[in-house]
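Quick one: sequence plus predicted model below, questions after.
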Amino acid sequence: MFNYNTKAHKFKFQGEVTVPGDKSIAHLAITLGSLASGVTQIGNFNYADDLAVTARTFQQLGAKIHTEVNTKAMVIKGLDHQLKPLDKPLNIENVGTLESLLLGALASSPNQYEIVGGDYLSKRPNDRLVELLQAMGASYQTLGENSLPAKITGSEDLKGIVYHQDISSAQIKSSLMLAGIYAKSDTTIIRKQATRNHTEVLLNYFGGDVSVDPATIVVHPGAHLKGQSITIPGDFSSAALYIAGALLSKVSQITLPRVSLNSTRIGLLNVAKQMGAHIYVDNRSVNSIEPYGDLIIKYQKLHGTKITNKQVPFIIDEIPLIALMASQASGQTVIEGIHDVHLQLGDRIRNMRVELAKLGIVMQVNDDTIVIEGDQEIKVKDDVDSHNDHRIAMMLCIASILTDSPFQIKNIESIDVSYPSFIADMNKVLVNK
Ligand SMILES: O=C(O)C1=C[C@@H](OP(=O)(O)O)[C@@H](O)[C@H](O)C1
Ligand SMILES: C=C(OP(=O)(O)O)C(=O)O
């Protein structure tokens with residue numbers, strides 16, 4: 001439970017906050033470091049719950065993983081693709097990205113693995129990914145209904161496929177790319193839309209052979225992955241909380257040092273600019289392989305905007321925050337092309353709509369579009385629930401700053417999935433006006 005009992009709208013965001021390292025890059029760095037030969041060192045690693053599950057999973061598969069005492073970097077002694085046979089199931093809890101990466105990584109191992117998940121992954125459909133991995137030659141036996149638990153037996157003779165993306169999912173793409181490293185022929189992904197590109201970038205950094213152009217991604221097999229050093233930039237999805245908070249709380253000004261500026265992740269910055277925000281970027285640099293910089297955000301009354309389907313993959317985890325921003329802007333905001341987001345986390349769009357309605361914020365949602373009128377006053381009608389979705393939990397924390405009426409957020413602990421110190425960090429930069 002979480003609630004501010006004070007006059008909430010008396011707060012503004014002020015000062016500087018360093019957000020944890022990027023979760024998406026960290027999942028990949030553990031996966032590639034475990035599959036590679038030699039040692040991988042991951043600096044600015046975010047020891048959040050989801051990443052602990054990914055590290056544990058690859059340890060169970062034989063990777064040697066420890067934390068460097070002084071630097072807190074994660075150090076992995078890789079397996080050179082020799083995954084250990086297991087007689088017990090791998091429990092990946094509710095880590096969606098891990099499910100996709102793991103299925104891809106296991107597709108080329110001749111061992112049989114059983115994978116079990118938590119409530120959400122025992123319902124999340126994975127049939128599309130499974131069909132594609134089966135077409136490459138892996139065999140898959142579902143023990144659930146198009147979802148976990150399942151058994152996968154990979155093949156040392158995987159063949160590459162040509163996948164015309166029907167779902168704009170970075171996870172499906174990444175999974176096929178991991179399988180493709182060890183296939184006997186090229187794996188080609190013909191894009192529906194661009195999605196986050198960390199896998200393309202990191203796979204080449206670890207010695208993979210991936211060619212990328214605007215229309216296609218091709219993984220050429222046969223590469224020998226080698227351990228690397230990487231320093232992970234701040235997670236833009238965590239930074240987005242403060243960006244939204246500062247843009248919505250009068251007289252705020254906040255600095256966010258060393259945040260990822262990967263163009264396939266920072267869609268919320270572009271949306272905020274479309275809505276009238278001025279965002280300043282300082283100290284641009286490149287950390288190992290990913291761009292980063294300091295973001296400076298000042299309060300600005302926003303106006304509504306139209307967000308197109310091409311933008312959606314770049315705001316995929318920020319839609320709840322953008323909905324909150326839109327409800328406080330002047331005029332109408334329309335977000336198009338959200339169909340694929342309904343597949344996430346037991347329907348994140350539905351859950352955010354239901355919970356924001358308890359705060360008096362309404363929106364029209366259909367299969368592919370969200371319409372949100374602006375200048376909606378927050379009127380607390382009931383306590384809210386995160387539905388165990390960390391992004392919804394943290395968006396509701398930001399909403400609580402914008403009203404005088406206290407409310408409780410049930411299942412607030414879900415924030416530990418990506419940002420365990422969020423409430424402590426936020427309290428440091430929330431000051432009286
Ligand atoms: O590749 C990744 O690390 C992720 C891809 C996205 O999922 P989808 O591929 O399902 O859109 C995103 O929502 C998730 O938080 C992380
Ligand atoms: C959807 C998310 O991740 P995952 O798919 O790994 O649960 C997220 O972090 O918002």
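Everything's here; your move. Residues are numbered from 1 along each chain as shown. Ligands and ions are numbered 1, 2, ... in the order given.

In the stretch 1-150 of the chain, which residue sits nearest ligand 2?
residue 96 (2.6 Å; CB to the nearest ligand atom). (C-beta placed from N, C-alpha, C; glycine too.)

My read is that that residue contacts residue 121, right?
Yes: Residue 96 lies in contact with residue 121 (CB atoms under 8 Å); the separation is 6.7 Å.

Pick out whichever of those two has more residues nearby.
Using other CB atoms under 10 Å, the more surrounded residue of residue 96 and residue 121 is residue 121, with 24 against 19.

That one contacts residue 99, correct?
Yes: applying CB under 8 Å, one finds residue 121 in contact with residue 99, separated by 5.7 Å.

any shared contact partners between these two?
Counting by CB atoms under 8 Å, 6 or more residues apart in numbering, the common neighbours of residue 121 and residue 99 are 92, 148.

domain parsing for this protein?
8-21+234-432, 23-231 (automatic domain parsing).

For the last one, measure first residue to last.
In this case it means domain 23-231. End-to-end distance of domain 23-231: 12 Å, with CA to CA, to the nearest Å as the criterion.

Please enumerate the helices of the protein.
Per DSSP state H, the chain carries helices over the ranges 23-35, 49-60, 96-106, 127-136, 170-181, 198-205, 236-248, 267-274, 319-328, 348-357, 390-401, 422-429.

Could you report the separation of residue 347 from ligand 2?
12 Å (CB to the nearest ligand atom, to the nearest Å).

rewinding a little: I'd like the helices of the chain as JSON lines, with mean pLDDT appended.
JSON lines is the format used below for these (pLDDT from 0 to 100):
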{"stretch": "helix 23-35", "mean pLDDT": "98"}
{"stretch": "helix 49-60", "mean pLDDT": "98"}
{"stretch": "helix 96-106", "mean pLDDT": "98"}
{"stretch": "helix 127-136", "mean pLDDT": "96"}
{"stretch": "helix 170-181", "mean pLDDT": "97"}
{"stretch": "helix 198-205", "mean pLDDT": "98"}
{"stretch": "helix 236-248", "mean pLDDT": "98"}
{"stretch": "helix 267-274", "mean pLDDT": "98"}
{"stretch": "helix 319-328", "mean pLDDT": "98"}
{"stretch": "helix 348-357", "mean pLDDT": "95"}
{"stretch": "helix 390-401", "mean pLDDT": "97"}
{"stretch": "helix 422-429", "mean pLDDT": "96"}
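
can you tell me which of those comes nearest to residue 148?
Judged by CB to CB, the one of the helices of the chain that comes nearest to residue 148 is helix 96-106, at 6.9 Å.

Show me what that closest one is packed against.
Applying 3 or more CB pairs under 8 Å, 6 or more residues apart in numbering; DSSP states H and E, one finds that helix 96-106 contacts helix 23-35, helix 49-60, strand 112-116, helix 127-136, helix 170-181.

can we see that at 6 Å?
helix 23-35, helix 170-181 (3 or more CB pairs under 6 Å, 6 or more residues apart in numbering; DSSP states H and E).
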